[in-house]
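K.L.:
Sequence first, predicted model second:
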Amino acid sequence: VLDGQVGREYERVDEHVELDGAAEHRGMDPDAGGRGLRAHARIQNALASAVSDAGLEPRRPAPDEPQYDLAWDDGKTVTVVEVKSTTPANEERQLRLALGQVQRYVQQLEADDRTIRAVIAVERAPADLSWVELCADKGVVLTWPEGFAATVRVARE
C-alpha cells in the first residue's frame, strides 16, 4: 500500500554500460546484460524524459516497494512501468514476463484512495500486435518510444 508519494527521485540510467567481457547476456533475462541492458536503459530514460516533458516527476522504486522500473503520480493515478528490451527472438517471452510483473505491481501498490495504472514499455512495436489487445483487456498499456508522449498524456486525462 502506498504511503505518501510513490518511490523516490529518478536517476537517469547509464545507457552505455558495458559488462566485463560480456558482449551479450545469454541468460534468462535479456535485460541483464549486453545489448539488452543498454536498450532497457534507453527505453527507461526516454519514457522518464516524456514524463518530465509532461510536467510530471518520474520516480524509481523505494526500497520497500516492488522493483518496478519507473513510476509517476499525477495526483489521481499512480502509473507504474515495467521496461523490456525486445528482439524478434525474445519478444514473446519478454512480454509474458512483463505482463505478470505489472499485474503484481498493481496488486502490491493498490491503495484505497488511488488508482494504479500499469504500463509495459518496450523498445519497438511488437511484431504480434495482438499483444496490444491482450494488454488492454488486462488493463495494461503497452507502449514503445513513438507512443511515449501519448501514453503520459493519456494518464493525465
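P.N.:
Right, received. Where do you want to start? Residues are numbered from 1 along each chain as shown.

K.L.:
Just confirm Glu9 contacts Pro61, I think it does.
P.N.:
No. Glu9 is beyond contact range of Pro61, at 11.4 Å (criterion: C-beta atoms under 8 Å). (Each C-beta comes from the backbone N, C-alpha and C, glycine too.)

K.L.:
more crowded one of the two?
P.N.:
Pro61 (18 against 8; other C-beta atoms under 10 Å).

K.L.:
From what I see, that one and Glu82 are in contact.
P.N.:
No. Counting by C-beta under 8 Å, Glu82 is not a contact partner of Pro61; they are 11.3 Å apart.

K.L.:
so what sits against both of the two?
P.N.:
Taking C-beta atoms under 8 Å, 6 or more residues apart in numbering as the contact rule, Pro61 and Glu82 both touch Tyr68.

K.L.:
Please identify which helix or strand holds the nearest residue to Leu95 once chain neighbours are set aside.
P.N.:
Spatial nearest neighbour of Leu95, excluding adjacent residues (C-beta to C-beta, 6 or more residues apart in numbering): Trp131 at 5.4 Å. Under the criterion of DSSP states H and E, Trp131 resides in helix 130-137.

K.L.:
For the protein, just list every one of the strands.
P.N.:
8-9, 59-60, 70-73, 77-84, 115-122, 140-143 (DSSP state E).

K.L.:
Fine by me, thanks again.
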